[in-house]
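Engineer: Show me the folded form of this:
(one chain, ligands or ions: 2)
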Amino acid sequence: MSNNLDLEIVPLAAFSDNYIWLLRRGSHAAVVDPGDAAPVLAYLEQHHLELCAILVTHHHGDHTGGIEEILAHALAHSPPQAQSPSRLPFQFPVYGPASEAIDEVNRPLADGDLFDLAELNTSFEVLAVPGHTRGHIAYYGRMPAGCGVLFCGDTLFACGCGRIFEGTPQQMWHSLARISALPAETRLYCAHEYTQANIRFALAVEPDNAALAARAAEVARLRALNLPTVPSTLACELATNPFLRWEAPAVIAAAGRASGIGAQQPEAVFAAIREWKNDF
Ligand code: ZN
Ligand code: FE
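Structural biologist: Ligands and ions are numbered 1, 2, ... in the order given. Next up is the predicted model:
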């Protein structure tokens with residue numbers, strides 16, 4: 001396979017700390033969670049790429065706000081016979097959670113669904129990961145060569161996890177447990193650059209975690225250069241992310257100190273750590 005037909009995954013910075021992930025192969029591209037159209041349209045134009053799909057993880061505006069403008073742009077640049085607004089939804093796939101109200105989604109997805117992005121030579125499996133929102137989904141991609149990738153939206157962050165806005169701590173824990181069970185080499189593409197703040201909290205939970213200390217140094221180096229700290233790998237999160245470490249004795253002890261109850265059950269340990277982070 002020649003190099004320009006390899007899949008590349010590019011972070012497009014949006015707002016103050018969002019990442020819109022752009023997948024590109026040859027002359028085609030797809031984007032995940034385009035909260036803002038401007039950086040997407042600018043990148044497509046600069047690199048002469050044709051957008052072939054939009055993927056959405058959940059309904060929040062910082063993940064969906066750019067879709068309408070991107071579709072309008074795609075319509076204006078499509079062949080004349082396709083330039084009927086009523087046909088556009090069928091021309092241009094917008095994937096998203098079936099159980100959330102997102103107007104532009106025309107390929108509603110539920111847990112276990114599989115779909116291909118033929119232009120990118122990539123297939124995805126859908127994981128329901130409720131908690132941040134009730135219908136939040138993640139996309140597990142099987143790359144033509146190499147390891148799996150997960151677009152996890154606001155469910156899992158580097159060294160952190162999303163706030164529980166609509167679901168329960170039990171749901172969020174279950175969602176994170178499912179992600180934990182993916183192959184350790186899976187690359188995790190989360191939707192925000194929150195890593196440095198997350199690491200400050202993680203160090204409060206586990207001050208003696210050597211892997212975390214090493215990660216803190218590396219993240220500080222990257223941020224000083226204004227470079228992204230994502231994607232990370234599941235292996236790295238399992239070693240350093242307190243929201244996946246409900247079985248680590250130091251995390252169990254910290255959860256007990258934070259909540260005042262001797263929590264041992266994984267869900268309870270997770271819930272106590274999440275509660276502590278809310279006020280950190
Ligand atoms: Zn969100
Ligand atoms: Fe977000």
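Engineer: alpha carbons only for contacts and neighbour counts from here, please
Structural biologist: Fine.
Engineer: And residue 151, how far from residue 257?
Structural biologist: Separation of residue 151 from residue 257 (C-alpha to C-alpha, to the nearest Å): 33 Å.
Engineer: neighbour-wise, which of the two wins?
Structural biologist: The residue with the greater number of neighbours, taking residue 151 and residue 257 and applying other C-alpha atoms under 10 Å, is residue 151; the counts read 25 against 15.
Engineer: so what pLDDT did the closest residue to residue 8 other than its chain neighbours get?
Structural biologist: Nearest in space to residue 8, with sequence neighbours left out and distances taken as C-alpha to C-alpha, 6 or more residues apart in numbering, is residue 24 at 5.3 Å. For residue 24, the pLDDT comes out at 97.
Engineer: Summarise which helices and strands the helix or strand containing residue 24 is packed against.
Structural biologist: When secondary structure is defined by DSSP states H and E, residue 24 falls within strand 18-25. With contacts taken as 3 or more C-alpha pairs under 8 Å, 6 or more residues apart in numbering; DSSP states H and E, strand 18-25 sits against strand 8-14, strand 28-32.
Engineer: so which of those is the most packed in?
Structural biologist: Compared across the helices and strands packed on strand 18-25, strand 28-32 shows the largest average neighbour count, a mean of 23 (mean count of other C-alpha atoms under 10 Å).
Engineer: Just the angle for it relative to strand 18-25, thanks.
Structural biologist: Using axes from the mean of the first three to the mean of the last three C-alpha atoms, to 10 degrees, the inter-axis angle of strand 28-32 relative to strand 18-25 is 160 degrees.
Engineer: Flag every buried residue along whatever helix or strand comes next after strand 28-32.
Structural biologist: For strand 28-32, the succeeding helix or strand toward the C-terminus, using DSSP H and E, is helix 37-46. By neighbour count on 16 or more other C-alpha atoms under 10 Å, the buried set for helix 37-46 is 37, 39, 40, 41, 44.
Engineer: Any idea what the residue nearest to residue 8 is bridged to?
Structural biologist: Following DSSP bridges, residue 24 is listed with bridge partners residue 8, residue 29.
Engineer: wait, what's in contact with it?
Structural biologist: 7, 8, 9, 10, 30, 49, 120 (C-alpha atoms under 8 Å, 6 or more residues apart in numbering).
Engineer: Would you check how far apart the closest residue in space to the fourth one that isn't next to it in sequence and residue 121 are?
Structural biologist: On the basis of C-alpha to C-alpha, 6+ apart, the spatially nearest residue to residue 10 that is not a chain neighbour turns out to be residue 22, at 5.1 Å. Residue 22 is 15 Å from residue 121, where distance means C-alpha to C-alpha.
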